[in-house]
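Q: Fold the following, please.
(one chain, ligands or ions: 2)
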Amino acid sequence: MNALASTNRNFRHAARLLNLDSKFEKSLLMPYREIKFECTIPKDDGSLVSYVGFRVQHDNSRGPMKGGIRYHPKVEHDEVNALAQLMTWKTAVVNVPYGGAKGGIGCSPKDFSVSELERLTRVFTQKIHDVIGVNIDVPAPDMGTNAQTMAWISDEYSKFHGYSPAIVTGKPIELGGSLGREAATGRGVVFATEALLADHGKSIKGLTFVIQGFGNVGSWVARLIHERGGKIIAVSDVTGAVKNPNGLDIPALLEHKEKSGSLSNFDDGDMMNADELLIHECDVLVPCALSGVLTRENAGDVKAKFIIEAANNPTDPEADEILSKKGVVILPDIYANAGGVTVSYFELVQNNQHIMWDEEKVNAELKKYMAGAFNSIKSMCRTHECNLRMGAFTLGVSRVAQCTLLRGWGC
Ligand SMILES: NC(=O)C1=CN([C@@H]2O[C@H](COP(=O)(O)OP(=O)(O)OC[C@H]3O[C@@H](n4cnc5c(N)ncnc54)[C@H](OP(=O)(O)O)[C@@H]3O)[C@@H](O)[C@H]2O)C=CC1
Ligand SMILES: O=C(O)CCC(=O)C(=O)O
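A: Ligands and ions are numbered 1, 2, ... in the order given. As a prediction, the model looks like this:
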């Protein structure tokens, strides 16, 4: 299902549970502002290439808008709109004082040299610099971007507006980034998993895990689950999947990926069909890559008992229904992967105060936010007699609705 249709459907279900007025519902759904623009750069050989860029600012009733920048061939209007909307509910679920936005460029970053990526990022920033700002909209990394991308955005933005490190989060530590931000999404996923498993009388140690995606989020999830005694029996990236029924040696796999750029030819595992990874026998499945990977076609064959949505929007609503009927427990994205934006908020707190927290403090605060949000979601589940996804959506939507009503309509 189209990403926006899927996100809208979840929102509307939550709005019904909350008895929201239909006109109010429509206004909450509509983005605050969307921009679409062309980004043209000369390649290193002098030839010109053009791509489409987007920034969608969904809602700012709870604070400045916040959300990542994605460089990926599948970046298009509906996908970015869906991701921006998810950011609005996500920041509200973890109760950080920000709204929701998302942006990106429909391109394949692996096709560029470093200097081409820098030029593209600078052109992108030139197109959005007058609609972002520390009190308006603060970008961060997402798929295909990283701390270096944030450094270029900050530098380009500073040419127009003066030195402004807090215009982005997830930036390098040397430029005001926060310790722990790089690992934060993965660490938050693991804190969320621990909270869910504890609620079911279980713990990570001894359970089997399958992870789709081995980039920033997937690799940190793998490392931290491995450290806690979880057995990771299969992992994939864009080049394929590797399995070992006795548990993959994650530190060795991280080193192999770092050196070779892929999971292929790893000595201590067998390659497997990447499509079969999602239906591989395991206790816990953790999608950490693209949206819409669990569909009505494969949901019936999923064997996992728990799905932790580290990726944004990995489960189509039809798949959600099939999986729920099978008794699979799904921890929704707007909670499970909220550790990244939570530590982005900590980064801004540190930037505002011109201080730097140590990593222990960052991680301890993150754990508190993730635990608090889990309890609030469970309480919404009890009130509305709903599953965890609707518990998270009703929590996020009700907090945004309350702030919107308190602020009034400005007319
Ligand atoms: N970074 C963050 O702070 C946050 C990220 N997220 C979400 O987490 C997900 C991953 O983001 P992030 O880790 O930052 O992105 P990265 O770009 O760092 O990593 C993406 C990973 O997905 C892999 N991948 C891409 N396509 C496929 C595919 N078809 N099958 C299997 N693997 C694939 C890539 O493979 P390869 O390594 O070969 O390129 C890579 O390992 C996204 O949904 C993102 O929105 C959510 C919250 C915050
Ligand atoms: O850290 C942030 O501001 C946003 C991270 C993000 O894009 C996400 O949570 O999907």
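Q: Now the stretch 201-350 of the chain against ligand 2: closest residue?
A: For the stretch 201-350 of the chain and ligand 2, the shortest gap (C-beta to the nearest ligand atom) falls at residue 344, measuring 3.3 Å. Using the backbone N, CA and C atoms, a C-beta is placed for each residue, glycine as well.
Q: Thought residue 182 was touching that residue, still the case?
A: No. If you go by C-beta atoms under 8 Å, residue 344 and residue 182 don't touch, sitting 11.4 Å apart.
Q: Now do the shared contacts for these two.
A: In terms of C-beta atoms under 8 Å, 6 or more residues apart in numbering, residue 344 and residue 182 are both contacted by the residues residue 170.
Q: neighbour-wise, which of these two wins?
A: Taking neighbours as other C-beta atoms under 10 Å, residue 344 and residue 182 compare with residue 344 leading, 29 against 20.
Q: measure the residue lying closest to the more buried one once chain neighbours are set aside to ligand 1 for me?
A: Once flanking residues are discounted, residue 344 sits nearest to residue 169: 3.7 Å by C-beta to C-beta, 6 or more residues apart in numbering. The gap separating residue 169 from ligand 1 is 9 Å, by C-beta to the nearest ligand atom, to the nearest Å.
Q: where's residue 169, which helix or strand?
A: Element membership for residue 169 (DSSP states H and E) is empty, with no helix or strand holding it.
Q: longest helix anywhere in this structure?
A: helix 359-384 (DSSP state H).
Q: Toward the C-terminus, what is the element adjacent to that helix?
A: helix 388-407.
Q: now could you export just the CA positions of that next one as CSV?
A: Taking C-alpha atoms only, helix 388-407 is exported to CSV below (Å, rounded to 0.1, in the frame of the first residue of the first chain):
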residue,chain,number,x,y,z
LEU,A,388,0.2,-1.1,20.7
ARG,A,389,0.1,0.7,17.3
MET,A,390,-3.3,2.4,18.2
GLY,A,391,-2.0,2.9,21.7
ALA,A,392,0.9,4.9,20.3
PHE,A,393,-1.2,6.7,17.7
THR,A,394,-3.9,7.7,20.2
LEU,A,395,-1.2,9.0,22.5
GLY,A,396,0.6,11.0,19.8
VAL,A,397,-2.5,12.3,18.1
SER,A,398,-4.2,13.3,21.4
ARG,A,399,-1.2,15.3,22.6
VAL,A,400,-1.0,17.1,19.2
ALA,A,401,-4.7,17.8,19.2
GLN,A,402,-4.6,19.2,22.8
CYS,A,403,-1.8,21.7,21.9
THR,A,404,-3.5,22.7,18.6
LEU,A,405,-6.7,23.5,20.5
LEU,A,406,-4.9,25.3,23.3
ARG,A,407,-3.1,27.5,20.7
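Q: can you pull the buried residues of that helix?
A: Neighbour-count burial for helix 388-407 flags 388-401, 403-404 (criterion: 16 or more other C-beta atoms under 10 Å).
Q: what angle sits between that helix and helix 359-384?
A: Angle of helix 388-407 versus helix 359-384, following axes from the mean of the first three to the mean of the last three C-alpha atoms, to 10 degrees, is 90 degrees.
Q: Name the residues that touch helix 388-407?
A: Counting by C-beta under 8 Å, 6+ apart, 10-11, 13-15, 17-18, 20, 24, 27-28, 59, 61-62, 88-93, 95, 99, 196, 320, 329-332, 334-335, 373, 376-381, 383-384, 386 sit against helix 388-407.
Q: try stretch 356-365
A: 178-181, 184, 187, 343, 346, 350.
Q: Looking at those, which is nearest ligand 1?
A: The closest of the contacts of stretch 356-365, once distances to ligand 1 are taken by C-beta to the nearest ligand atom, is residue 184, at 6.8 Å.
Q: Write out the residues of the stretch 301-411 of the chain neighbouring ligand 1.
A: The stretch 301-411 of the chain has residues 310-312, 337, 340 near ligand 1, with proximity defined as C-beta under 6 Å from any ligand atom.
Q: And the buried ones among those residues, selectable in PyMOL?
A: The PyMOL selection below is limited to those of these classed as buried (16+ other C-beta under 10 Å):
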select buried, resi 310+311+312+337+340
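Q: Now secondary structure, distance to residue 137 and pLDDT too, for the residues of the stretch 301-411 of the chain next to ligand 1, in CSV please.
A: Shown next, in CSV, are these (DSSP: H, G, I helix; E, B strand; the rest coil; distance: C-beta to C-beta, whole Å; pLDDT from 0 to 100):
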residue, secondary structure, distance to residue 137, pLDDT
310, coil, 24, 98
311, coil, 23, 98
312, coil, 18, 97
337, coil, 20, 98
340, helix, 16, 98
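Q: Give me the contact status of stretch 250-259 with ligand 1.
A: No. Judged by C-beta under 6 Å from any ligand atom, stretch 250-259 makes no contact with ligand 1; its nearest approach is 7.2 Å.
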